[in-house]
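Quick one: sequence and predicted model below, then my questions.
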Amino acid sequence: MRTRLPAVAAIAFVAMVALSAQNAPRDVDLIVTGGTVVTVDAAGRVIENGAVAIDGADIAAVDTAAAIAKQFRARETIDASGQIVLPGLINTHTHAPMVLYRGLADDLPLMEWLNNYIFPAESKTVSPEFVRAGTRLAALEMIESGTTTFADMYYFEEEIARETRSAGLRGVLGQTVIQFPVADAKTPADALARAEAFINEFKGDPLITPAVAPHAIYTTSDDTLQAARTLADRYGKPLIIHLSETKTEFDEAVQKRKKTPTAALYDLGVLQGWTLAAHAVWLDPADFGLLRAAGTGIAHCPSSNMMLASGIAPVLKMLKAGIPVGLGTDGVAGSNNDHDMMEEMDLAAKLQKVSSGDPTALPAEQAFAMATIMGAQAMGMSKLIGSLDAGKRADIISIRLDEANAQPMYNVYSQLVYSLKSSNVSDVMVNGRAIVRNRRMLTVDDKAILAKAEEYRAKVSASLSAK
């Protein structure tokens, strides 16, 4: 004779099964566990023996290793013991292919460097193939030094986007719009048409955010600047521009327009909207309010500003005004010569200290934030990247601490900004995909990239020596 469970017992049994299923660990793709996790989240958590659970392209959770082990079951686990686990670094201003001009012309003022060396070299050597080779080299350098996202402005930007995506990097990439004929466009109208085609090709890409990049107020007419703004707004994409980099630029605008470059661009409507402006070295008191009102993000480039003697950007005043300020390397050709964001953090902090006479200015934690969450804010992408938060993209790096320059460690932010180097970076992940594991590149052929760079050194040298 078959007996039946009483109704109450049956209900209790079903509830117990449901509760058990509810409490069962959730399956995820990867757990990075055991390291010191620097979240840069709203609470500023630094979790000793922490862990990050990753599902697909996204972060599922960030907590202690014990808590993550209780909540999640991973298909793969990475032991990060003895490492710092942190958000990938964000480089807010580059001209990536210019890495092939590294060391071509140094120790010169900006306009002499541009007019006598860079513009002539570009006119003779820039091509789609050149841009592809340069982007591969730049991507390799950025990846190896812990950068997971970069902003760019150059020619043939679609080629940069394809190589960036192939390398596994994230990019906010701007097609240059400039008033005179360049390698990929003979007129501003041509450049704007290229920018629109570029946006349409990559507007749904998970790694590439296409942008419109009018070069600067002194190289682009007012009509073209406004057309660039209109185009960016039409597609809901960012505009990238150089802003008030040198005193010459500032003084000429004041003399000719009776306005600062910032005020002139604001009055033209160029800064209003999703905008990332590079440098902002020369600002008058009213400019801070305009940048804040427009919601403009700033890419601060300490190495470049120092190397070209452009000046010292008023970073402390911008931050006090509530303007989001990230860090950028600028182009690697006489204005910096490397894509090392670890170095930019260190220099950014020290430059503000020595220029203000205050050793407490721009402390390490704030400089680190400029390379991560504030960089994301300046780019208008802080909802997706810049911190280790559940729901954000899994753009994560780890840094080894088993080197002489990493020990002893008393304060993790001090170590990250003032002690650790790009050579300490161990693993790099973008969008949940490992692109470096134990210092080994997984997405690009580094030997082939370096060989191609040597080929272009010979080509560039020959082009400049030819009459």
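Noted; the coordinates are in hand. Numbering: from 1, shown residues only.

Secondary structure of residue 413: a helix, I assume?
Yes - under DSSP: H, G, I helix; E, B strand; the rest coil, residue 413 sits within a helix.

what residues are up against it?
By Cβ atoms under 8 Å, 6 or more residues apart in numbering, the residues touching residue 413 are 38, 363-365, 368. Placement of C-beta: from N, CA and C, glycine included.

among these, which two are most distant?
38 and 363 (14.8 Å; Cβ to Cβ).

Compare those two and say which is more crowded by neighbours.
Taking other Cβ atoms under 10 Å, residue 38 and residue 363 do not tie; residue 38 has more neighbours (24 against 16).

Return the subset of the contacts of residue 413 lying in helices.
364-365, 368 (DSSP state H).

Let's see if you can find the most crowded of the residues you listed.
Neighbour max across the ones in helices among the contacts of residue 413 (other Cβ under 10 Å) = residue 368, 25 neighbours.

Distance check, that one against residue 338.
Distance of residue 368 to residue 338, computed by Cβ to Cβ, to the nearest Å: 19 Å.

And residue 33, by the same measure?
For residue 33 relative to residue 338 (Cβ to Cβ), the value is 32 Å.

now do residue 259
Taking Cβ to Cβ, one finds residue 259 at 35 Å from residue 338.

And residue 295, by the same measure?
Here the criterion is Cβ to Cβ. By it, residue 295 lies 31 Å from residue 338.

and if you look at residue 314?
Computed as Cβ to Cβ, the residue 314 to residue 338 distance reads 25 Å.

So which of these two has more stuff around it?
Neighbours around residue 314 and residue 338, counted as other Cβ under 10 Å, are more numerous at residue 314. The numbers are 23 against 16.

Can you check what pLDDT the model gives that one?
pLDDT, residue 314: 98.

just residue 361 next, same as before
Confidence at residue 361, expressed as pLDDT, is 98.

One more: residue 119?
We have a pLDDT of 83 for residue 119.

List the buried residues in the helix or strand where residue 462 lies.
Secondary structure assigned from DSSP states H and E places residue 462 in helix 446-465. Within helix 446-465, the residues that qualify as buried are 449, 452-453, 456, 460, counting by 16 or more other Cβ atoms under 10 Å.

show me the residues around residue 131 that make contact.
Neighbours of residue 131 in contact, by Cβ under 8 Å, 6+ apart: 97, 154-156, 159-160.

Columns neighbour count on top of the residues you listed, output as TSV?
Shown next, in TSV, are these (neighbours: other Cβ atoms under 10 Å):
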residue	neighbour count
97	31
154	27
155	24
156	25
159	21
160	30
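
Narrow those residues to those in strands?
Using DSSP state E, the subset of those located in strands is residue 154.

any idea how far residue 203 is from residue 128?
Distance of residue 203 to residue 128, given as Cβ to Cβ: 21 Å.

State which strand of the chain is the longest.
Ranked by residue count and defined by DSSP E, the top strand of the chain is strand 26-38.

Quick check: neighbours of it in the sheet, parallel or antiparallel?
strand 46-55 (antiparallel), strand 72-79 (parallel), strand 83-87 (parallel) (DSSP bridges).

I'd like the average pLDDT over it.
Rounded mean pLDDT across strand 26-38 is 98.

Going forward, the N-terminal residue is numbered 31.
Right, with 31 as the first residue, what we last looked at is strand 56-68.

Residue 476 and residue 171 touch, don't they?
No - if you go by Cβ atoms under 8 Å, residue 476 and residue 171 don't touch, sitting 10.0 Å apart.

and the helix holding residue 492, C-alpha only, in PDB?
Output in PDB follows, covering the C-alpha atoms of helix 476-495 (Å, rounded to 0.1, in the frame of the first residue of the first chain):
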ATOM      1  CA  ASP A 476      55.100  40.400 -29.600                       C
ATOM      2  CA  LYS A 477      58.100  39.300 -31.700                       C
ATOM      3  CA  ALA A 478      56.400  40.100 -35.000                       C
ATOM      4  CA  ILE A 479      55.300  43.500 -33.600                       C
ATOM      5  CA  LEU A 480      58.800  44.400 -32.600                       C
ATOM      6  CA  ALA A 481      60.300  43.300 -35.900                       C
ATOM      7  CA  LYS A 482      57.800  45.400 -37.800                       C
ATOM      8  CA  ALA A 483      58.600  48.400 -35.700                       C
ATOM      9  CA  GLU A 484      62.300  48.100 -36.700                       C
ATOM     10  CA  GLU A 485      61.200  48.000 -40.400                       C
ATOM     11  CA  TYR A 486      59.300  51.300 -39.900                       C
ATOM     12  CA  ARG A 487      62.300  52.900 -38.100                       C
ATOM     13  CA  ALA A 488      64.200  52.500 -41.300                       C
ATOM     14  CA  LYS A 489      61.400  53.700 -43.500                       C
ATOM     15  CA  VAL A 490      60.800  56.800 -41.400                       C
ATOM     16  CA  SER A 491      64.500  57.700 -41.300                       C
ATOM     17  CA  ALA A 492      64.700  57.300 -45.100                       C
ATOM     18  CA  SER A 493      61.700  59.500 -45.700                       C
ATOM     19  CA  LEU A 494      63.100  62.400 -43.600                       C
ATOM     20  CA  SER A 495      66.500  62.200 -45.200                       C
END
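
What is that helix packed up against?
Identification of packing neighbours for helix 476-495 by 3 or more Cβ pairs under 8 Å, 6 or more residues apart in numbering; DSSP states H and E yields helix 149-155, helix 158-174.

Which one of those helices has the poorest average confidence?
helix 149-155 - the lowest mean pLDDT of those, at a mean of 87.

List the buried residues in that helix.
So for helix 149-155, counting by 16+ other Cβ under 10 Å, buried means 151-152, 155.

tell me which of the residues you listed is nearest to residue 264?
Nearest to residue 264 among the buried residues of helix 149-155: residue 152, at 28.9 Å, using Cβ to Cβ.
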